[in-house]
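K.L.:
Attaching a predicted model along with its sequence, questions to come.
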Amino acid sequence: MPKTMLIVDDDTAARETYKLVFGAKGFEFKEAANGKIALEILKKDSVDIVFLDLAMPVMGGEELMEKMLGDEKLKQIPILVETAQGTPGAGLDRKVQAKFGGKLKFVVFTRPGRLEDIMEAVDKMVTSA
């Protein structure tokens, strides 16, 4: 049975790119342009992994992670967090890690990330979920 990925990014081109990349790996998709729409999808549909941008209008990725943390079902879903802000290991990574580390299952990478690293992270997160 194919895994379902929720892609949450306000950049339509980025969502389309991720669908092409992960579609080749057999994923099915749901999409949201912000965290508010994503939260509605998460509450009504089954999702195996969330691919989440941090910087979005209406509700950003960090706020969505807070909402997921407050829900027993949603906090079990692995999250691949992407950001164009900063560099890997910099302040934003540490901030997200400090806030959610040990509470949510997630990996942070900076866009543009190496495709191989992203694919490997998704494979690990989905197979261990």
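P.N.:
Cool, the structure landed. Everything numeric in this text was worked out from a predicted model, so none of it was measured.

K.L.:
Show me the shaky parts of the chain.
P.N.:
84-104, 106, 109-114, 128-129 (pLDDT under 70).

K.L.:
where do the helices sit along it?
P.N.:
12-23, 35-44, 61-69, 91-100, 115-128 (DSSP state H).

K.L.:
Adding mean neighbour count, write these out as CSV.
P.N.:
Glycine gets a C-beta too; all of them are placed from N, C-alpha and C. Formatted as CSV, the helices of the chain follow (neighbours: other C-beta atoms under 10 Å):
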stretch, mean neighbour count
helix 12-23, 15
helix 35-44, 17
helix 61-69, 20
helix 91-100, 15
helix 115-128, 14
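
K.L.:
Asp71 - how many residues pack around it?
P.N.:
13 (other C-beta atoms under 10 Å).

K.L.:
Equivalent analysis for the one 3 residues further on, please.
P.N.:
By other C-beta under 10 Å, the residues close to Leu74 number 19.

K.L.:
Give the closest residue to it in space, chain neighbours not counted.
P.N.:
Met68 (4.1 Å; C-beta to C-beta, 6 or more residues apart in numbering).

K.L.:
do the same with Ser46
P.N.:
Thr4 (6.4 Å).

K.L.:
about what we covered before: from memory the residue nearest to Leu74 sits against Leu42, does it?
P.N.:
Yes - counting by C-beta atoms under 8 Å, Met68 does reach Leu42; the two are 7.1 Å apart.

K.L.:
who touches both of the two?
P.N.:
The contact sets of Met68 and Leu42 overlap at 50, 74, 77 (C-beta atoms under 8 Å, 6 or more residues apart in numbering).

K.L.:
Would you check that the second one makes contact with Leu64?
P.N.:
What that stands for is Leu74. No - here Leu74 does not reach Leu64: they are 9.3 Å apart, not a contact under C-beta under 8 Å.
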